[in-house]
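Undergrad: Got a predicted structure plus its sequence, pasted below:
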Amino acid sequence: MPEILTARDMLARLVGFPTVSSVSNLDLVAFVEDYLAGHGVVATRVYDETGTKAALHACIGPQVDGGVVLSAHTDVVPVEGQEWTRDPFTLHEEAGRLYGRGTCDMKGFAALMLAGVPEMVKADLKRPIHLALSYDEEVGCLGAPPMIEDMLSDGPRPDCVIVGEPSMMKVITGHKGTSLLKITVRGHSVHSSQWDRGVSAVANAARIVTWLDDRTRENRDTADRDLPFDPPFTTLHCGIIEGGTAANIVSKHCEFVTDIRSLPDETIDMWQDRLESFVARQILPEMKRVTPEAGVTIERLAHVPALRPEENGAAETLARRLTGDNGEHMVVYGTEAGQFQARGLSAIVCGPGSIDQAHQPDEFIDLTQLQAGNAFMSRLVDTLSDG
């Protein structure tokens, strides 16, 4: 007999897999694969380069173009350093809330997808439902692109994508882009009493960090306050910096990582070009006058494209029909929706739970949100069965 699980029971199973981004998710993938197989659904794994992680996708219904993708990520953020009052990897119910790591972000939506499989399989779908589960979303949305490529090459082309990040089941039509740049500054080390003979990597890194901060303040001062983002401007933020060996040594090495959250009408290429131009004009000439070995390297660690609002987009039209939500909602956090959209698929974000609970100790999702998600899934099946 195929296993039938409620969304709550499925969530308990998924939370029980401690799929922190730093470890393998293959145990969870194997569970989902077996569960789907029990309902006659064949799933495809897409491994990462190490073979220790995999995305999973499956298609339910007729093998025709025009279906809908339901997308979630399997990884969660760490719990170390957080003050949990209960086991983060055991689902705990209290006062109408379900507690556990990932309940909100975003195993809640994954549980709804999977709990809905029996209904999807039995329905007379006219267009397919694609299930997509990625890895490493929390460390730069690394797992979705190869999964998307495999989906598009391996089966019918979907019409639209619903990424179930927590939105309180509101329809999110746009979000900022997210990029991580690693800047490495190579100086020339001398005794600090001979400062003029050296090149300080730390000092030059500080000049670059200051330039980034100045651009953020400039963006703030010139922002269009009518934009539906909070804050309504691009931010360039340095969160990690390390360099130098001693107080009396001109530093030879310094590196830092900057996080850029850009508006949908701006690109990381634009900001990286501006940064590289500043470095070329204002930083490198002075450094290389001392030694040609000094320099600056800019490496793009990750890039998650913005989700751009679509005019009469198929995903938005469908999601509004399913939820009844006609409000304008945009967010500043990044999701995999922008990656689907970048491959030509209409995409929105809509899922259960509040982003306020994501990454928090004692993370939870309200049971009422799972109930709303169940209704959403049933209406989706009915819609796709109507033709």
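TA: Here it is on my side, so go on.
Undergrad: any idea how far residue 305 is from residue 118?
TA: 35 Å (CB to CB, to the nearest Å). Quick note: C-beta positions are derived from backbone N, CA and C, even for glycine.
Undergrad: Pick out whichever of those two has more residues nearby.
TA: Per other CB atoms under 10 Å, whichever of residue 305 and residue 118 has more neighbours is residue 305, with 23 against 15.
Undergrad: Looks like that one contacts residue 340 (just checking).
TA: No: applying CB atoms under 8 Å as the test, residue 305 and residue 340 come out as separate, 9.7 Å apart.
Undergrad: Residue 270 is in what secondary structure piece?
TA: Using DSSP states H and E, residue 270 sits in helix 268-278.
Undergrad: now the strands for the stretch 101-250 of the chain?
TA: In the stretch 101-250 of the chain, the segments counted as strands under DSSP state E, counting those that start in this stretch are 129-134, 160-163, 172-175, 177-186, 235-243.
Undergrad: So which other helices or strands are in contact with the third one?
TA: In this structure, strand 172-175 packs against strand 329-331, helix 337-342, strand 346-349, with contacts taken as 3 or more CB pairs under 8 Å, 6 or more residues apart in numbering; DSSP states H and E.
Undergrad: ditto for the first one
TA: When contacts are defined as 3+ CB pairs under 8 Å, 6+ apart, strand 129-134 sits against helix 26-38, strand 54-60, strand 68-73, helix 107-115, helix 144-154, helix 367-385.
Undergrad: Let's test this: mean pLDDT of the longest one, rounded?
TA: If I follow you right, that is helix 367-385. Taken as a whole, helix 367-385 has an average pLDDT of 97.
Undergrad: Could you export that helix as CSV, CA atoms only?
TA: Written as CSV, here are the backbone C-alpha positions of helix 367-385 (Å, rounded to 0.1, in the frame of the first residue of the first chain):
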residue,chain,number,x,y,z
LEU,A,367,-1.2,25.2,11.7
THR,A,368,-3.6,27.6,10.0
GLN,A,369,-0.9,28.2,7.4
LEU,A,370,-0.7,24.4,6.7
GLN,A,371,-4.5,24.4,6.4
ALA,A,372,-4.4,27.3,3.9
GLY,A,373,-1.6,25.5,2.0
ASN,A,374,-3.7,22.3,1.8
ALA,A,375,-6.6,24.3,0.3
PHE,A,376,-4.2,25.9,-2.2
MET,A,377,-2.9,22.5,-3.3
SER,A,378,-6.5,21.1,-3.7
ARG,A,379,-7.5,24.1,-5.8
LEU,A,380,-4.4,23.7,-7.9
VAL,A,381,-5.3,20.1,-8.7
ASP,A,382,-8.9,21.1,-9.5
THR,A,383,-7.7,23.9,-11.8
LEU,A,384,-5.3,21.7,-13.7
SER,A,385,-8.0,19.1,-14.1
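Undergrad: quick one: buried residues of it?
TA: 367, 369-370, 373-374, 376-377, 380-381, 383-384 (16 or more other CB atoms under 10 Å).
Undergrad: From residue 48, how far off is the residue nearest in space to the middle of the chain?
TA: Nearest to the geometric centre of the chain sits residue 335, at 3.7 Å (CA atoms, centre = their mean). From residue 335 across to residue 48, the span is 19 Å (CB to CB).
Undergrad: Ok, residue 285 next?
TA: In terms of CB to CB, residue 285 sits 41 Å off from residue 48.
Undergrad: so what's residue 138 up against?
TA: By CB atoms under 8 Å, 6 or more residues apart in numbering, the contact set of residue 138 is 21, 73, 75-77.
Undergrad: Can you lay out those residues as CSV showing neighbour count?
TA: Shown next, in CSV, are the contacts of residue 138 (neighbours: other CB atoms under 10 Å):
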residue, neighbour count
21, 20
73, 30
75, 25
76, 29
77, 18
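Undergrad: for stretch 53-62, which positions count as buried?
TA: For stretch 53-62, by 16+ other CB under 10 Å, it's 53-61.
Undergrad: now these in JSON lines, with distance to residue 314?
TA: Converted to JSON lines, the buried residues of stretch 53-62 look like this (distance: CB to CB, whole Å):
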{"residue": "53", "distance to residue 314": "31"}
{"residue": "54", "distance to residue 314": "29"}
{"residue": "55", "distance to residue 314": "23"}
{"residue": "56", "distance to residue 314": "24"}
{"residue": "57", "distance to residue 314": "19"}
{"residue": "58", "distance to residue 314": "21"}
{"residue": "59", "distance to residue 314": "18"}
{"residue": "60", "distance to residue 314": "19"}
{"residue": "61", "distance to residue 314": "17"}
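Undergrad: nearest to residue 241, of the residues you listed?
TA: For these, the closest approach to residue 241 (CB to CB) belongs to residue 53, at 29.3 Å.
Undergrad: close enough to count as contact, the closest one and residue 135?
TA: Yes: Residue 53 lies in contact with residue 135 (CB under 8 Å); the separation is 4.3 Å.
Undergrad: Can you pull the residues that touch both of these two?
TA: 25, 143.
Undergrad: Reformat the helices and strands packed on strand 129-134 into a markdown table and put distance to residue 277 next to each item.
TA: What follows is the helices and strands packed on strand 129-134, written out as a markdown table (distance: least, CB to CB, whole Å):
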| stretch | distance to residue 277 |
| --- | --- |
| helix 26-38 | 44 |
| strand 54-60 | 37 |
| strand 68-73 | 35 |
| helix 107-115 | 41 |
| helix 144-154 | 28 |
| helix 367-385 | 46 |
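Undergrad: All set now, cheers.
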